[in-house]
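In: the sequence isn't on hand, but the structure is:
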């Protein structure tokens, strides 16, 4: 009898020890999985932050180049030459040509002759960097190659639109060359983005075409009725490009933002006695602003924008 009891006690202790060991293993596995999830979350946040920072820096560099395009396009100069001061003709040193940083360090002046540089340079660089950072944050995913095409398109079309906006703001004229490149870039993206050659699957392409036709026709009517006093023919083509980019579904939102921001700035300038009712105000910057906001805002505030559009 005693040996049997002894054997039962040993069996009970063995089973109990196994249960305890299994619980310890499960606890350790849960702890390890929590740590793994925690570190994966940190790594993911770090990768997203790095991507946004990378796009921001690229935007500063591209923005510096866009400044060159805006200025030299008017003068019909080559885009390959070194930057130089327009006052003293000295070539700008490489360490004086670092986007945004050099302007702030030098106080916006030439190192050699102390002539002032335009605030256009740092503003365009910063705006380009912010737009690129938004693209990196809300559109690009390094582990999803299907996002790379749209990211490349947005980087290119944003750069072209910013050149058009800055050029019109300075010269009251829309550069047709950049505008045509924008059309070609957008059409190329729409062709590459086709998932199938069956027409009923071309929803994005049909939306883009209808958007271009509707916005272009509306702007054409405004120019025709006003005899170019409200806007010019360049605005008609830019409106068609904007409609092609945002599509028919985003056209109304884009035009509301464009005309609303333009009217708000115009009223503010009249209050400050900078403009009057007969003054001309370039419309391209506001059309570009409306287009970019239509692209970015639904991704930044999806629920709020969806309620607005319903």
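Out: Yep, it's here. These numbers come from a predicted model, not from an experiment.

In: residue ranges with poor pLDDT in the chain?
Out: Residues of the chain meeting the criterion pLDDT under 70: 1-46, 195-202, 277, 304-310.

In: recalculate using a threshold of 80.
Out: 1-48, 74-87, 89-90, 94-96, 112, 143, 194-203, 228, 273-280, 302-310 (pLDDT under 80).

In: give me the most central residue, it.
Out: The residue lying closest to the centre of the chain (Cα atoms, centre = their mean) is residue 131, at 3.5 Å.

In: helices or strands up against the host helix or strand of it?
Out: Assigned by DSSP states H and E, residue 131 belongs to helix 120-138. Contacts defined by 3 or more Cβ pairs under 8 Å, 6 or more residues apart in numbering; DSSP states H and E place helix 120-138 against helix 2-75, helix 101-105, helix 146-171, helix 284-300. The C-beta positions use only the backbone N, C-alpha and C, and glycine is treated the same way.

In: picking up where we left off before, need the contact list for the residue nearest to the centre of the chain.
Out: By Cβ atoms under 8 Å, 6 or more residues apart in numbering, the residues touching residue 131 are 59, 158, 162, 292, 296.

In: before we move on, back to that, the helix holding residue 131 vs helix 284-300, what angle?
Out: 20 degrees (axes from the mean of the first three to the mean of the last three Cα atoms, to 10 degrees).

In: just the angle between helix 120-138 and helix 146-171, please?
Out: Angle of helix 120-138 versus helix 146-171, following the same axes, to 10 degrees, is 160 degrees.

In: residue 125 and residue 231: what is the separation?
Out: 28 Å (Cβ to Cβ, to the nearest Å).

In: try residue 115
Out: Plainly put, residue 115 is 35 Å away from residue 231 if you go by Cβ to Cβ.

In: one more: residue 289?
Out: Separation of residue 289 from residue 231 (Cβ to Cβ): 15 Å.

In: how about residue 292?
Out: Distance, residue 292 to residue 231, by Cβ to Cβ: 19 Å.

In: how many residues are close by residue 149?
Out: Residue 149 is flanked by 12 other residues according to other Cβ atoms under 10 Å.

In: ok, it touching residue 190?
Out: No. Counting by Cβ atoms under 8 Å, residue 149 stays clear of residue 190, with 10.8 Å between them.

In: now the common contact residues for those two.
Out: Residues touching both residue 149 and residue 190 (Cβ under 8 Å, 6+ apart): there are none.

In: now for the strand or helix carrying residue 212, which elements pack on it?
Out: Per DSSP H and E: residue 212 is located in helix 203-226. Contacts defined by 3+ Cβ pairs under 8 Å, 6+ apart place helix 203-226 against helix 176-192, helix 233-271.

In: give me whichever of those helices is most buried.
Out: Comparing the helices and strands packed on helix 203-226 by mean neighbour count (mean count of other Cβ atoms under 10 Å), helix 233-271 ranks first with a mean of 19.

In: tell me the secondary structure for residue 143?
Out: When classified by DSSP: H, G, I helix; E, B strand; the rest coil, residue 143 comes out as coil.

In: compute the number of surrounding residues for it.
Out: 6.

In: once you drop chain neighbours, what's closest to residue 177?
Out: Among residues not flanking residue 177 along the chain, residue 73 sits closest, at 7.2 Å (Cβ to Cβ, 6 or more residues apart in numbering).

In: what's the spacing between the one you found and residue 179?
Out: Distance from residue 73 to residue 179, counting by Cβ to Cβ: 12 Å.

In: residue 169 contacts residue 282, correct?
Out: Yes. Here residue 169 reaches residue 282: they are 5.3 Å apart, a contact under Cβ under 8 Å.

In: more neighbours: which of the two?
Out: Neighbour count, other Cβ under 10 Å: between residue 169 and residue 282, residue 282 has more, with 21 against 17.

In: let me see the contact set for the more buried one.
Out: 168-169, 172.

In: if we take those residues, which one ends up nearest to residue 105?
Out: residue 169 (25.8 Å; Cβ to Cβ).

In: format the contacts of residue 282 as JSON lines; extra columns: distance to residue 186.
Out: Listed next are these as JSON lines, based on distance: Cβ to Cβ, whole Å:
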{"residue": "168", "distance to residue 186": "19"}
{"residue": "169", "distance to residue 186": "22"}
{"residue": "172", "distance to residue 186": "25"}
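
In: which one of the residues you listed is nearest to residue 268?
Out: For those, the closest approach to residue 268 (Cβ to Cβ) belongs to residue 169, at 15.6 Å.
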